[in-house]
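In: Provide a 3D model corresponding to the input given below.
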Amino acid sequence: MEIKGLILQARKEFVVDNFGEEAWGRVLAALPEEDRAALGDLILTAKWYPFAIGERLDKAIVDLLGGGDKKLFEEIGAKSARRSLAKVHKSFLTPGDPQAFLEKADVIYKFYYDTGRREYERTGPASGVLTTYDAKTFSVPDCLTVVGWYREALRMCGARGVEVVEEECRARGGSCCRYRLTWSE
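Out: Residues are numbered from 1 along each chain as shown. The predicted structure follows:
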């Protein structure tokens, strides 16, 4: 499975903005040589990268900067949403209509991952369930970025009191990754 460079770039920006350029250098130094070469000085946001590079990058970030706390990835996901939905993927936003935004979940998913699919089911006027199926690879940090990304994206659509809870996770033995979303209108 491959992921877009946009995902890796969001992690780099988070590290640099919150911990400094030197911290990014330490994270890179903790990676295998082939990962450092692939990431280089410039991460191409539209390029596809192996999921495994992202997984190793995530581990280095949480080990070196997060004190082992994987919740850091929810913050990374939120920053990624603010960045991508304010610029390159702004057309996905539907201000005032979080449900319309969530109905685009499968299209949005395909911009970030090359295999699998994400389905959205409305469960009420201000609630729903996102489910990711058939991804060839998965990780707890990646799922946490999804939690943070959707929480922030819904806020950007005007939702208040947003809650995103991962109810099932393949990285934790589940058959899929399922997220329950609720908010105030």
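In: and Arg118, helix, strand or coil?
Out: Secondary structure, DSSP: H, G, I helix; E, B strand; the rest coil: Arg118 is strand.
In: what pairs with it across the strands?
Out: With DSSP bridges as the criterion, Arg118 is bridged to Thr132.
In: ditto for Thr182
Out: Thr182 forms beta bridges with Ser127, Glu163, as assigned by DSSP bridges.
In: how close does Leu72 get to Glu185?
Out: 30 Å (Cβ to Cβ, to the nearest Å). Where C-beta positions appear, they are placed from N, C-alpha and C, glycine not excepted.
In: compare those two and say which is more crowded by neighbours.
Out: Leu72 (22 against 11; other Cβ atoms under 10 Å).
In: so what's that one up against?
Out: Leu72 is in contact with 61-62, 65-66, counting by Cβ atoms under 8 Å, 6 or more residues apart in numbering.
In: residue ranges with poor pLDDT in the chain?
Out: Residues of the chain meeting the criterion pLDDT under 70: none.
In: name the residue closest to the centre of it, please.
Out: The residue lying closest to the centre of the chain (Cα atoms, centre = their mean) is Thr145, at 3.6 Å.
In: and the gap between that one and Glu33?
Out: Going from Thr145 to Glu33 by Cβ to Cβ gives 25 Å.
In: what's the answer for Ile108, then?
Out: Noted for Ile108: a distance of 33 Å to Glu33, by Cβ to Cβ.
In: higher neighbour count, these two?
Out: Using other Cβ under 10 Å as the criterion, Ile108 and Glu33 rank with Ile108 on top: 20 against 7.
In: the more buried one: which element?
Out: Applying DSSP states H and E as the criterion places Ile108 in helix 105-112.
In: helices or strands up against that helix?
Out: strand 2-4, helix 5-19, strand 117-124 (3 or more Cβ pairs under 8 Å, 6 or more residues apart in numbering; DSSP states H and E).
In: change it to 7 Å
Out: Applying 3 or more Cβ pairs under 7 Å, 6 or more residues apart in numbering; DSSP states H and E, we find helix 105-112 packed against strand 2-4, strand 117-124.
In: just to revisit the earlier point, and the residue nearest to the centre of the chain, what element?
Out: Element membership for Thr145 (DSSP H and E) is helix 140-156.
In: okay, now the domains of the protein?
Out: 2-64, 72-184 (automatic domain parsing).
In: now the longest one, how far from the centre of its chain.
Out: To tie it back to what came earlier, the one meant is domain 72-184. 8 Å (Cα atoms, centre = their mean, to the nearest Å).
In: go on, the first one?
Out: Here the centre of domain 2-64 is set off from its chain's centre by 14 Å, with Cα atoms, centre = their mean.
In: distance between the ends of that domain?
Out: Its first and final residues considered, domain 2-64 spans 24 Å by Cα to Cα, to the nearest Å.
In: now for the contacts of Leu72: which two are most distant?
Out: For those, the farthest-apart pair by Cβ to Cβ is Val62 and Leu65; their separation is 7.3 Å.
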